[in-house]
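**Student:** I would like to see how this sequence folds:
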Amino acid sequence: MFELPVMELLVHLVLTAALLLMVAKMVTGLEIESWGSAFIVALLLGLINAIIRPIMVALTIPISVLTLGIFLLIINALMLWLAAAISPGVKVEGFGAAFYGSLLLTILNMLIAFVFGVELMEAS
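**Tutor:** Numbers count the residues shown, from 1 in each chain. Coordinates of the predicted model:
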């Protein structure tokens, strides 16, 4: 089982919130009103990615295989769209904004993980 100390979790949430605010400035159709809204959507995105995303990935294995994994980008966009839909102060105007926002968020997360030498999905 994965264990994540509370401080690491908080740092990750704050970093994700900051990245979401940056992405909202760069992607037309994605609006986040405040740090509080960004923190809430980061928390919800983490929960959704932990609970709903694995189910969606499992259900769409055939199409993901046929598209060589590209369909996972669609799933990421849907997860961001869902998190934004239930978060106060966050608006995503259409699938395109969710898609480009999730793509940019993924790239920025990977860049930060690379720069700081953080292993993604590190097991304790």
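
**Student:** For the helix or strand hosting residue 62, buried residues please.
**Tutor:** Taking DSSP states H and E as the definition, residue 62 sits inside helix 61-66. Residues residue 64 are the ones in helix 61-66 that count as buried (16 or more other Cβ atoms under 10 Å). The way it works is simple: take the backbone N, C-alpha and C, and place the C-beta from them, glycine included.

**Student:** what's that helix in contact with?
**Tutor:** 57, 70, 71, 72 (Cβ atoms under 8 Å, 6 or more residues apart in numbering).

**Student:** Give me the average confidence score over that helix.
**Tutor:** Average pLDDT, helix 61-66: 96.

**Student:** distance between the longest helix anywhere in the chain and the chain's centre?
**Tutor:** The longest helix of the chain (DSSP state H) is helix 35-59. Computed by Cα atoms, centre = their mean, to the nearest Å, the chain-centroid distance of helix 35-59 equals 7 Å.

**Student:** residue ranges for the helices of this structure, please.
**Tutor:** Under DSSP H, the chain gives helices at 6-26, 35-59, 61-66, 71-85, 95-116.

**Student:** from these, which stretch is densest packed?
**Tutor:** helix 71-85 (a mean of 20; mean count of other Cβ atoms under 10 Å).

**Student:** by contact count, what packs against that helix?
**Tutor:** For helix 71-85, the elements it packs on are helix 35-59, helix 61-66, strand 90-92, helix 95-116, judged by 3 or more Cβ pairs under 8 Å, 6 or more residues apart in numbering; DSSP states H and E.
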